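> Attaching a predicted model along with its sequence, questions to come.
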Amino acid sequence: MIPQPVVLPLTVHERNKLGIRQFDIILVTGDAYIDHPSFGTALIGRVLWDAGYTVGIIAQPDWTTMADFSVLGKPRLFFGISSGNVDSMVNNFTPNLKRRSGDVYSPGGIPKRPDRATIVYTNRVHELFPDTPIVLGGIEASLRRFAHYDYWQDRVRQAILADAPADLLVFGMGERQVVEIARRLASGEMVSSLQDVRGTAFTLELAQWRNNRPEGIIELPGFREVSQDKISYARAFAMHYLEQDPVHGRPVAQPHPKTIAIQNPPALPLSAEELDHIYDMPFSRRAHPSYTQKIPALEPVQFSVTSHRGCFGSCSFCALTHHQGRIIQSRSVSSIVREVTRMTKMPEFKGIVQDVGGPTANMYYLSCDLWEKFGACREKRCSPSCKNLNTSHRYQCELLKKLLEIPGVKKVFIGSGIRYDLALADDSGYLEMICANHISGHLKVAPEHVTKRVTDIMNKPECEVFDRFCERFEAHQHGKSKRHYLLPYFMSGHPGCSMSDMVNLAVYIRDHQLYTEQVQDFTPTPMSVSTCMYYTGLNPFTLEPVHVPKGHEKKIQRALMQYRESPNQELVIEGLIAAGRTDLIGTGRPFLVPPLGRGVLQYAKKQKKTKK
Ligand code: SF4
C-alpha cells in the first residue's frame, strides 16, 4: 500500500513519482483542488487512499475539449465525478439569474465551471471511457437525485441519473459509500450489481423493474406526473422527505420515461471514532502547489475545524436534511485538539482558529435519546421543547476551553451561525463563555423573519425567542471595553411572506437597529421544502396553498429589506402602498422612506380610497 502523499496527484508526473502506473480511482471536480477537509474532493480522495486505493484528481477540466479528461488515463476501478463543493447553477448565477463574474473555488476567482457541471463532465468521461464505471457525488448530484424543480430553467428536470450516463450516485456525505464501491469493484463485482449500497442511488431498466420490483420500496409519483401536476410534485416531495433517515428510511423509486431512479436508504451515521479517523488524515490545509493564484474559498476556512455533521434544525429553505441528515455526528474533543495542534505547526498559522463548528455551530454533541435506536422522528421536528433532546452545551464549553489551552493558539472563534433557541435552553454557561472569548466582532444568528406565519413556514423559532436571545446577549455585553454585535440574517421573498409581512420585517429591522446592506433573497435551490413551495404554491406536508412572491413582488420584498438605499426608493414606496402602510412614507426618523413626489402620494391616497 502506498502511503498518503503530501498532496493528492494532479498530473502524470506526480503519479509517476509515486510509482503508480494506473490510478485505481480518478476524481473529476469543478473546484480547484484544495487539500483541506472542508473540500469534498480532498476528503473523499484521502479516505479512498487510506482504504488502500490510489487516487488521481482532475480539477476544473476544460470541458470544451477531451484533453483534460484523458490526461491521467483510465482508472482501474471508477471515475468519481462531482460539480465541486456547490451546485454549479447556484455557483454560476445570482438569485436574480445573472451570471456571476467570479468563482471563489477557482484560482484568482476566475470561473471555469460549466453550467450543470456534473452532466457535462460525465458526458465527456463516458465518451472517452465508455466501459469504465462512473460514480456521481457531491451536492449537485445528491440534491438532484430525483425529479426536481430547477429554478434556472423554471421547470421540473429528471433525476440527474436519467440525464447523465453514470452508473451510481452517492448522496449525502460519501465516505462509507465510496469505500464500499471501491472494495466491491476491486473484488470483481460488476458495477451493475451494486444495487444495495446504502447512501447510493442507481437506475433500472423499465422492463427489469416491471419483472422484479423489490419488496418494501416506496414508489413516488413518476417524472411525467410530477412535471405536469403540482399536487403530485408536492406529494412526491413529502414522501421522499420522510425517507431521509438512516435508521427508518426506506428505499424510494421514481419512474422516468426511459428508466427508474432508485434510492437506497441513507448511509448510517459515522461514529465518533470513524469521524476522528477521517479528520486525522494528513490534509496539508493548502491549495495544490501548482496554483499560482489565490483561491478565495480557502482563506475563510484554512484554519477552521469541523466539529460535527448534521443539523436537526430542518429549516425549510435548507436542503441539509436531504444531505447530511438530522442526526448529529460529533468528533471527540481529543481529535479536534489534535487537528488544531497540527495547525499550530504551520508557518501561516497566526494563532487564530477561525471557526469550530458544523452546519450549526452549537449542535456539537447535542443528541436525542431516540436517534440511535429509532432515528429522528418522521412527523415531528426537533426543538428544545422536546424532552428527548439533550440541549446541554457542556461538551462544547469543554472543547473551547481545551482548544484555548493549546500552545500557539491565541483565539478560538465561533464563525458558523448558532441556533439561539438552543443557546437559550443551555444551562452550562455557553453564551457567557462565547461572549467572553469566542466571538470575532459579530455572532451570526439566523432569525430569518419576524412574522409568526412566515417563521412557521420556514420552521424557525418565533421572533419572541430571538428577542429573548438578544436581551441575554446584550446583558453579556455590559461593562465590556470591546463589545460584540449580533449579525442576524433575514430573508426576503420566502414562500408564505406577504407584502405586509415584509413591511413588518423592515419596521423590525429599523426599530432594532439591525439594518444591514447584506440581503438574503430566497433562492429556490434543489430539494428544499421551500423550493417545493415556491414551485407548487403548496405546503408539501399539508397541501395547503402558500402565497409565493415572484417576479416584481419578489423584487419589492428585496428592496424593502434595504429601504435606505436610494435606488430602492420607488420599489419600497410601491411595497408600502401595496401593504396599506403609506404611514411609513415621509421624511424623518419614524418613516421608512421619503416620499418620491406628489404624484406617488396622490396614487397612494387613491389606492387607500379604493381599498375602503
Ligand atoms: S424525539 Fe424530539 S429531539 Fe428526538 S428526533 Fe423526535 S423531535 Fe427530534
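Yes, it's here.
> In terms of helix, strand or coil, where does the residue in the stretch 401-550 of the chain that the ligand sits nearest to fall?
Of all residues in the stretch 401-550 of the chain, Leu422 sits closest to the ligand, at 11.3 Å by C-beta to the nearest ligand atom. Glycine gets a C-beta too; all of them are placed from N, C-alpha and C. Following DSSP: H, G, I helix; E, B strand; the rest coil, Leu422 is assigned to helix.
> isn't it right up against Asn362?
Yes. Counting by C-beta atoms under 8 Å, Leu422 does reach Asn362; the two are 5.6 Å apart.
> which residues do the two both contact?
Counting by C-beta atoms under 8 Å, 6 or more residues apart in numbering, the residues touching both Leu422 and Asn362 are His393.
> Show the average pLDDT along stretch 509-525.
In this model, stretch 509-525 has a mean pLDDT of 90.
> make that stretch 368-379, sorry
Stretch 368-379 comes out at a mean pLDDT of 93.
> Could you do stretch 143-154 as well?
On average, stretch 143-154 scores 97.
> ok so, going back, quick one, grab the pLDDT at the residue of the stretch 401-550 of the chain closest to the ligand.
For Leu422, pLDDT reads 96.
> dump the residue contacts of whichever residue of the stretch 101-250 of the chain sits closest to the ligand.
Taking C-beta to the nearest ligand atom, the ligand has its nearest neighbour within the stretch 101-250 of the chain at Asp245, 9.0 Å off. By C-beta under 8 Å, 6+ apart, the residues touching Asp245 are Pro266, Gly325, Arg326, Ile327, Gly375, Ala376, Arg378.
> Near the second one, how many other residues are there?
Read it as Gly325. Neighbourhood size, Gly325 [other C-beta atoms under 10 Å]: 25.
> Tell me the residues of the stretch 251-400 of the chain that contact the ligand?
Phe312, Cys368, Leu370, Ala376, Cys377, Lys380, Cys382, Cys386, Asn388, Leu389 (C-beta under 6 Å from any ligand atom).
> and the second one, how many residues sit next to it?
Burial measure for Cys368: 20 neighbouring residues, criterion other C-beta under 10 Å.
> tell me the phi and psi of it?
Backbone geometry at Cys368, expressed as degrees, to the nearest 10, gives phi -110, psi 140.
> Let me know whether it touches Cys386 as I believe.
Yes. Applying C-beta under 8 Å, one finds Cys368 in contact with Cys386, separated by 7.3 Å.
> how about the strands in the stretch 101-250 of the chain?
134-136, 148-150, 155-157, 168-170, 200-205, 218-219 (DSSP state E, counting those that start in this stretch).
> Columns distance to Gly479 and mean neighbour count on top of the ones you listed, output as JSON lines?
Output for the strands of the stretch 101-250 of the chain, formatted as JSON lines (distance: least, C-beta to C-beta, whole Å; neighbours: other C-beta atoms under 10 Å):
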{"stretch": "strand 134-136", "distance to Gly479": "55", "mean neighbour count": "27"}
{"stretch": "strand 148-150", "distance to Gly479": "51", "mean neighbour count": "22"}
{"stretch": "strand 155-157", "distance to Gly479": "56", "mean neighbour count": "15"}
{"stretch": "strand 168-170", "distance to Gly479": "52", "mean neighbour count": "27"}
{"stretch": "strand 200-205", "distance to Gly479": "55", "mean neighbour count": "22"}
{"stretch": "strand 218-219", "distance to Gly479": "57", "mean neighbour count": "16"}
